[in-house]
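# Pasting the sequence and the predicted model now:
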Amino acid sequence: MAKYIGQPTITNNIFTGDANFVHDQGQPAAQWVVTHNLNKKCAVTVIDSSNQVAIGQVTYNSVNQVTLDFEGSFSGKAFFN
């Protein structure tokens, strides 16, 4: 069976690999509230719609939700792992 890098696998009902989540922010906003349901305080990387890394404030609301605050409004993606 082929394994792909970054893909979690299930062996004997045991989850192996790291869970991740991608949030697509289609509407420009200066604050993004994201529920990822990964049950952990994730590392977060944000890119704007032109694929440039964006730096902002990450506030962990819980182990399943974060608030991302930026100086200006934009759309893009947030990657959680």
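Right, received. Where do you want to start? Quick caveat: nothing in here was measured; it's all calculated off a predicted structure.
# And stretch 42-51, end to end?
Distance between the two ends of stretch 42-51: 21 Å, counting by Cα to Cα, to the nearest Å.
# Mind listing residues that contact it?
Around stretch 42-51, the neighbours that count as contacts under Cβ atoms under 8 Å, 6 or more residues apart in numbering are 21, 36, 53-56, 58, 66, 68, 74-81. Every C-beta, even on glycine, is put in place using the N, C-alpha and C of the backbone.
# Enumerate every residue touching Gly56.
So Gly56 contacts Val46, Leu68, Asp69, Phe70, Glu71 (Cβ under 8 Å, 6+ apart).
# Buried ones among these?
Val46, Leu68, Phe70 (16 or more other Cβ atoms under 10 Å).
# before we move on, which element is the second one in?
Just to be clear, that refers to Leu68. strand 65-80 (DSSP states H and E).
# If you count neighbours, what's buried in that strand?
Buried positions in strand 65-80, judged by neighbour count with 16+ other Cβ under 10 Å: Val66, Leu68, Phe70, Phe74, Gly76, Lys77, Ala78, Phe80.
# Adjacent strands (with direction) for it?
strand 21-35 (antiparallel), strand 44-48 (antiparallel), strand 57-62 (antiparallel) (DSSP bridges).
# ranking these by burial, who's on top?
strand 44-48 (a mean of 16; mean count of other Cβ atoms under 10 Å).
# Averaged pLDDT, that strand. What do you get?
Here strand 44-48 scores 97 as its mean pLDDT.
# Stretch 25-33 too?
In the prediction, stretch 25-33 has an average pLDDT of 98.
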